[in-house]
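Peer 1: Got a predicted structure plus its sequence, pasted below:
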Amino acid sequence: MEKGTKEGIIKDGMIKMIKGSEAVALQAVDSATTVLKEGLTGAEDLSAKASDVLLNMARRTVSAGSTLGDDIREATKNMVSGTIRAVSEIGSELKESVSTAVEGKILAKKPKEEAKSE
């Protein structure tokens with residue numbers, strides 16, 4: 001009977017250990033589930049915040065691009081206008097210079113022609 005009692009004690013001890021391990025394992029699973037749920041909730045919150053940040057950044061980028069485009073268009077328009085004015089002024093000056101040079105040649109030829117006719 002002593003052998004049966006030892007086996008019974010060992011068997012009871014093993015059952016208690018298994019049940020204790022099972023309880024610990026269930027607690028670990030419950031804790032892990034809780035942590036994962038909280039993590040998912042936190043991840044959803046972070047995802048929402050990240051989406052808001054990205055959306056705001058995209059809006060600012062579009063706004064900045066629009067402002068930059070307007071500034072570039074205005075600067076280009078001013079540069080083209082200035083170039084056209086400068087070219088027009090140069091053209092007028094060249095026209096006057098050519099006109100003056102032609103008049104000078106005509107006047108220079110007239111006295112020689114008048115001298116020949118005399």
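Peer 2: Good, I have the coordinates. Residues are numbered from 1 along each chain as shown.
Peer 1: mind checking the SS state of S66?
Peer 2: Three-state call for S66 (DSSP: H, G, I helix; E, B strand; the rest coil): helix.
Peer 1: what's the pLDDT at it?
Peer 2: At S66, the model reports a pLDDT of 85.
Peer 1: Report the contact partners of K19.
Peer 2: K19 makes contact with no residue, according to Cβ atoms under 8 Å, 6 or more residues apart in numbering. C-beta: built from backbone N, CA, C; applies to glycine.
Peer 1: Kindly provide the distance from it to D12.
Peer 2: 11 Å (Cβ to Cβ, to the nearest Å).
Peer 1: give the contact list for L40.
Peer 2: Listed by Cβ under 8 Å, 6+ apart, L40 has no contact partners.
Peer 1: so how far is S88 from S97?
Peer 2: In terms of Cβ to Cβ, S97 sits 15 Å off from S88.
Peer 1: Could you check which helix or strand contains the residue nearest the centre of the chain?
Peer 2: Per Cα atoms, centre = their mean, the C-alpha nearest to the average position across the chain is that of T61, at 6.1 Å. Using DSSP states H and E, T61 sits within helix 2-117.
Peer 1: what about the chain, any weak spots by pLDDT?
Peer 2: Applying pLDDT under 70 to the chain flags residues 1-4, 6, 105-118.
Peer 1: The same query, at a cut-off of 80, please.
Peer 2: Residue ranges of the chain with pLDDT under 80: 1-15, 17-20, 101-118.
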